[in-house]
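S.K.: Provide a 3D model corresponding to the input given below.
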Amino acid sequence: MNRRFFTFLGLPMLLSATKSEVNKTKRFICMANPFGMYPESFWPKTLGKSFEMTETLKPLKEFKEEISLFANMTHGVRGGHPGQQAALTTILPSQAVAFADGMQSLDQKITEYTQAQTRFASLVLGIQKPGTFRCSLSWTRNGTLIPTIYSPEKLFSLLFKQPSDLQKKATRTNLHMKKSILDGVLSELKSQTAGLSINDQQKVNEYVHSVREVEKSIQNQQAWLSKPIPKVNYKVKSSLALEANLNSLVDLASLAIQTDQTRVITLDCDSGYHGLSHHGKLHDKISELVKIEQMQMRAFARLIKKLKSVNDPLHPEDTLLDNTIVLFISGLGNGNSHSNDNLPVILAGGGFKHGRYVREELKLGHLFVSILEKAGIVGGFKNFKKPFPGYS
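M.R.: Numbers count the residues shown, from 1 in each chain. Below is the predicted model:
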């Protein structure tokens with residue numbers, strides 16, 4: 001029986017991990033921005049455990065022992081803003097055809113293994129609808145960006161508002177109609193595949209896989225309709241302030257993980273500051289840019305604090321942070337120069353050993369392999385097979 005089967009069942013397959021560690025349910029949250037970080041205020045000068053908390057990192061000072069900071073990280077792609085599409089995929093859309101899982105991002109790879117256990121396969125969140133340049137994080141296999149939820153009020157209703165009997169009935173009818181349409185599509189595809197070229201057959205197979213994924217989602221939604229919605233003591237406060245909305249999304253993300261409504265979340269921190277990222281070394285612009293980046297670090301610290309303060313309901317001997325892999329990333333290293341190298345990468349939680357500032361001559365994909373293996377998923381990611389040294 002193959003390793004993939006064991007992994008899906010949550011059975012111990014990681015030889016370097018203990019049995020109890022492998023059997024722990026893992027979650028994944030990724031926060032990101034599309035413009036990188038102002039280097040002079042972000043990067044410490046000292047490697048190892050003695051790294052200093054720089055101006056941008058100061059909000060994380062309380063959690064220095066709970067984070068790992070990685071320098072010299074890259075995906076090896078170019079293109080400036082378009083290059084940040086590789087943030088969680090390691091590749092660009094034009095390269096996806098070379099991989100069996102296409103453009104699928106890291107979060108959606110994990111989702112394939114967790115979606116059957118939760119009400120929502122994943123949550124894709126953002127604090128503001130994007131302008132010209134968006135933080136492209138969550139991709140399906142066929143290269144489609146997953147729609148983003150921007151409203152904390154909408155997210156709260158989705159997670160915690162109990163639907164009426166009439167709403168449930170309407171949802172069941174809608175899901176049944178969608179399933180009937182999908183059945184018809186699959187039947188038609190089967191009748192049209194004879195005599196196709198190898199390339200056309202591959203395209204049909206990719207489309208069938210996408211349809212099957214939608215079908216699984218419908219089946220999952222049908223099953224969860226009869227299950228109770230968890231109750232939480234939290235009120236969403238409407239606000240025009242970006243940081244208030246970001247904090248609300250962070251709070252709701254931690255509650256979604258705590259109530260096991262999903263185990264995979266991404267959060268786009270773009271607040272429409274593209275102009276500031278092109279600061280031209282002007283002091284006033286740099287000052288405003290750093291303030292925004294500090295806001296993002298405060299939100300990241302808020303998320304760590306919330307996860308650390310709650311016991312894991314599935315593993316009460318641990319905190320939720322112990323079993324939640326928390327990542328901050330950008331697909332740009334320096335927005336001013338459009339560099340896709342030296343990407344800002346911070347890792348927290350998940351059972352890794354932290355409190356370090358690390359620099360290796362390795363691509364970021366190796367850290368993604370480490371994240372997958374910690375989540376019990378073997379086989380690598382895209383063309384990366386080996387984990388990042390010290391994070392396995």
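
S.K.: residues near residue 382, how many?
M.R.: Look at residue 382: counted by other CB atoms under 10 Å, it has 24 neighbours. The C-beta positions use only the backbone N, C-alpha and C, and glycine is treated the same way.

S.K.: Report pLDDT for it.
M.R.: Here the pLDDT value assigned to residue 382 is 96.

S.K.: if I look at it, how far off is residue 369?
M.R.: Taking CB to CB, to the nearest Å as the measure, residue 382 and residue 369 are separated by 9 Å.

S.K.: And for residue 279?
M.R.: Per CB to CB, residue 279 is found 35 Å from residue 369.

S.K.: For the two, indicate the residue with more neighbours.
M.R.: Neighbour comparison, residue 279 and residue 369: the larger count goes to residue 369, with 23 against 18 (by other CB under 10 Å).

S.K.: I'd assumed residue 380 was in contact with that one.
M.R.: Yes - checked against CB atoms under 8 Å, the pair residue 369 and residue 380 is within contact range at 5.4 Å.

S.K.: Please enumerate the shared neighbours of these two.
M.R.: When contacts are counted by CB atoms under 8 Å, 6 or more residues apart in numbering, the set common to residue 369 and residue 380 consists of residue 386.

S.K.: which residues of this structure fall in strands?
M.R.: When secondary structure is read from DSSP state E, the chain shows strands at 27-33, 67-71, 123-126, 264-268, 311-312, 315-319, 324-330, 345-349, 356-359.

S.K.: can you list those strands in CSV and add distance to residue 258 and mean pLDDT?
M.R.: Converted to CSV, the strands of the chain look like this (distance: least, CB to CB, whole Å; pLDDT from 0 to 100):
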stretch, distance to residue 258, mean pLDDT
strand 27-33, 10, 97
strand 67-71, 21, 98
strand 123-126, 13, 96
strand 264-268, 12, 97
strand 311-312, 9, 96
strand 315-319, 11, 95
strand 324-330, 10, 97
strand 345-349, 14, 98
strand 356-359, 28, 97
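
S.K.: Which of those strands sits closest to residue 239?
M.R.: Set against residue 239 and scored by CB to CB, these come closest in strand 123-126, at 15.6 Å.

S.K.: May I see the buried residues of stretch 152-160?
M.R.: 152, 155-156, 158-160 (16 or more other CB atoms under 10 Å).

S.K.: could those residues be laid out in a markdown table, adding pLDDT and distance to residue 258?
M.R.: What follows is the buried residues of stretch 152-160, written out as a markdown table (pLDDT from 0 to 100; distance: CB to CB, whole Å):
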| residue | pLDDT | distance to residue 258 |
| --- | --- | --- |
| 152 | 95 | 16 |
| 155 | 96 | 14 |
| 156 | 96 | 14 |
| 158 | 92 | 16 |
| 159 | 95 | 11 |
| 160 | 93 | 12 |
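
S.K.: Closest one to residue 272 out of those, please.
M.R.: Using CB to CB, the buried residues of stretch 152-160 come closest to residue 272 at residue 152, 17.2 Å.

S.K.: Now the closest one: closest residue in space, sequence neighbours ignored.
M.R.: Using CB to CB, 6 or more residues apart in numbering and skipping residues adjacent in sequence, the residue nearest residue 152 is residue 248, 3.8 Å away.

S.K.: In this structure that neighbour contacts residue 237, no?
M.R.: Yes - taking contacts as CB under 8 Å, residue 248 lies within contact range of residue 237: 7.0 Å.

S.K.: what about the two, which has more around it?
M.R.: Shown here are residue 248 and residue 237; by other CB under 10 Å, residue 248 has more neighbours (22 against 11).

S.K.: Next, the contact list for the residue nearest to residue 152, please.
M.R.: Residue 248 sits next to 152, 236-237, 239 when contact means CB under 8 Å, 6+ apart.

S.K.: still on that earlier bit, switch the strands of the chain over to TSV; also include distance to residue 166.
M.R.: Below are these laid out as TSV (distance: least, CB to CB, whole Å):
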stretch	distance to residue 166
strand 27-33	33
strand 67-71	47
strand 123-126	26
strand 264-268	30
strand 311-312	36
strand 315-319	38
strand 324-330	36
strand 345-349	41
strand 356-359	54
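
S.K.: would JSON lines of those with distance to residue 183 and mean neighbour count be doable?
M.R.: Converted to JSON lines, the strands of the chain look like this (distance: least, CB to CB, whole Å; neighbours: other CB atoms under 10 Å):
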{"stretch": "strand 27-33", "distance to residue 183": "32", "mean neighbour count": "26"}
{"stretch": "strand 67-71", "distance to residue 183": "46", "mean neighbour count": "21"}
{"stretch": "strand 123-126", "distance to residue 183": "27", "mean neighbour count": "24"}
{"stretch": "strand 264-268", "distance to residue 183": "28", "mean neighbour count": "28"}
{"stretch": "strand 311-312", "distance to residue 183": "39", "mean neighbour count": "17"}
{"stretch": "strand 315-319", "distance to residue 183": "40", "mean neighbour count": "13"}
{"stretch": "strand 324-330", "distance to residue 183": "37", "mean neighbour count": "25"}
{"stretch": "strand 345-349", "distance to residue 183": "41", "mean neighbour count": "23"}
{"stretch": "strand 356-359", "distance to residue 183": "50", "mean neighbour count": "19"}
